[in-house]
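Q: Return atomic coordinates for the entry below.
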Amino acid sequence: MRFLLDDEQREFARSLDAMLTAADTPAVLRAWAAGDHAPGRALWGRLADAGVFALAVPEAYGGLGPLPVELAVACVELGR
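A: Coordinates of the predicted model:
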């Protein structure tokens, strides 16, 4: 059995990839380790605005899901 992402899921992956690439996450991590938390907080806010943190939260509690495929897509992109 083959599992393929639909167009919306692929676009979500592309948008997260673009956001994380533009954010220069290695630099954000270095800044955080050096005590400068502003870049990390800004990235956290952009991820929240993209709905990443709401993917595993039931709608009854203000989330979007659970959306297991979209959550897996987000985990893949965040882990790159």
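Q: Quick one: mean pLDDT for stretch 33-42?
A: When pLDDT is averaged over stretch 33-42, the result is 98.
Q: Let's see the longest helix along the chain as CSV, backbone CA atoms only.
A: For the chain, the longest helix by residue count, based on DSSP state H, is helix 7-23. Only the C-alpha atoms of helix 7-23 are listed here, as CSV (Å, rounded to 0.1, in the frame of the first residue of the first chain):
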residue,chain,number,x,y,z
ASP,A,7,-1.8,18.8,-2.6
GLU,A,8,-2.7,20.6,0.6
GLN,A,9,-0.4,18.5,2.7
ARG,A,10,2.5,19.0,0.2
GLU,A,11,1.9,22.8,0.2
PHE,A,12,1.9,22.8,4.0
ALA,A,13,5.3,20.9,3.9
ARG,A,14,6.6,23.5,1.3
SER,A,15,5.5,26.4,3.4
LEU,A,16,7.1,25.0,6.6
ASP,A,17,10.3,24.3,4.7
ALA,A,18,10.4,27.8,3.3
MET,A,19,9.7,29.3,6.7
LEU,A,20,12.4,27.3,8.5
THR,A,21,14.9,27.9,5.7
ALA,A,22,14.3,31.6,5.8
ALA,A,23,14.6,31.6,9.6
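Q: Which other helices and strands does that helix contact?
A: helix 38-49, helix 68-78 (3 or more CB pairs under 8 Å, 6 or more residues apart in numbering; DSSP states H and E). The C-beta positions use only the backbone N, C-alpha and C, and glycine is treated the same way.
Q: Pull out the buried positions in it.
A: Of all the residues in helix 7-23, those buried under the rule 16 or more other CB atoms under 10 Å are 12-13, 16, 19-20, 23.
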